[in-house]
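[1] sharing a model prediction with you, sequence too.
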Amino acid sequence: MSDAGKGAVSLAFGKRHVVLAVIHTASLEQASRNARVARDAGADGVFLINHSIDAAALISIHQEVSAQHPGWWMGLNVLGLDDAELLDSLPPGVAGLWKNDAGVRDGGHIEAAGVRFGAGLRDRCRGTLYFGGVSFKYQASITDPAGAARSAVPYVDVVTTSGAATGSPPDVEKIKRMKDAIGGHSLAIASGISARNVGQFLPYVDCVLVATSISSSFEELDAQRIRELIDAVN
């Protein structure tokens, strides 16, 4: 931590609260169109994630769409690769990497693979923000999310948590406890955030990763819904 305790998100974006739209990537044309929608609507950046395409196609699309938006923040959530394959495949200079599971288990135990991945990412991609999933949906239950978040701080740049399922917000008290535990370190939420509920999380969270509430379908973002979320955050 540096700059009077500012977290990685504040240092990277120069602001207190950041909104990143999540694009469920299907093709180059679709990703390009949705990145433009998100940028024009005021999102601070986007994450591209693959569900219907393979990892190699996602990474190729990310490179092409990034080139269309020089200087604008664009990260990756790459599904379908193990840790070694993921590190080997990442393009130099990628702005951010979101990994659903940072390897933190109940009791604050961090698996050796999680430690190795965090160190390997920093060695290979200096400057890439690592959004590491802690107490994240569809993973083993964490009884002490605050302790897990604290344990993750040395290994991830942005502790990233969620509600119980896609589209479900986390409990506000959980978020408060996690933020209290990590202090100035950055905290992100990656499920269930909308224009209607974001205000209750803003005292504790630095970044929101949003898809469901700002989309007209699984693969298409909605400009008006993004603007409504941005207005609520601001």
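    Structure's in. What do you need?

[2] what residues sit buried inside the helix or strand of the chain with the lowest mean pLDDT?
    Lowest mean confidence among the helices and strands of the chain (mean pLDDT, DSSP states H and E): helix 112-124, at a mean of 92. Buried residues in helix 112-124, counted by 16 or more other CB atoms under 10 Å: 114, 117, 118, 120, 121. The C-beta positions use only the backbone N, C-alpha and C, and glycine is treated the same way.

[3] any residues touching it, and which ones?
    Contacts of helix 112-124 with the rest of the structure, by CB atoms under 8 Å, 6 or more residues apart in numbering, involve 83, 86-87, 90, 97, 99, 101-104, 128, 130, 132, 154-156.

[4] and the next helix or strand past that helix?
    Downstream of helix 112-124, the next assigned helix or strand under DSSP states H and E is strand 129-133.

[5] adjacent strands (with direction) for that following strand?
    Paired neighbours of strand 129-133 in the sheet (DSSP bridges): strand 96-99 (parallel), strand 158-161 (parallel).

[6] hey, C-alpha coordinates of the first one in CSV?
    Output of strand 96-99 as CSV, limited to C-alpha atoms (Å, rounded to 0.1, in the frame of the first residue of the first chain):
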residue,chain,number,x,y,z
GLY,A,96,-6.8,-6.5,-14.9
LEU,A,97,-7.4,-10.2,-14.2
TRP,A,98,-10.4,-11.4,-12.3
LYS,A,99,-10.1,-15.0,-10.9
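
[7] how about the strands in this structure?
    Here the chain has its strands, by DSSP state E, at 18-25, 45-50, 73-77, 96-99, 129-133, 158-161, 186-189, 207-210, 215-217, 220-221.

[8] just to revisit the earlier point, closest to residue 226 out of the contacts of helix 112-124?
    The nearest member of the contacts of helix 112-124 to residue 226, counting by CB to CB, is residue 97 at 22.7 Å.

[9] and the closest one, how many residues sit next to it?
    Residue 97 has 23 neighbouring residues, counting by other CB atoms under 10 Å.

[10] and what of residue 228?
    Using other CB under 10 Å, residue 228 has 17 other residues around it.
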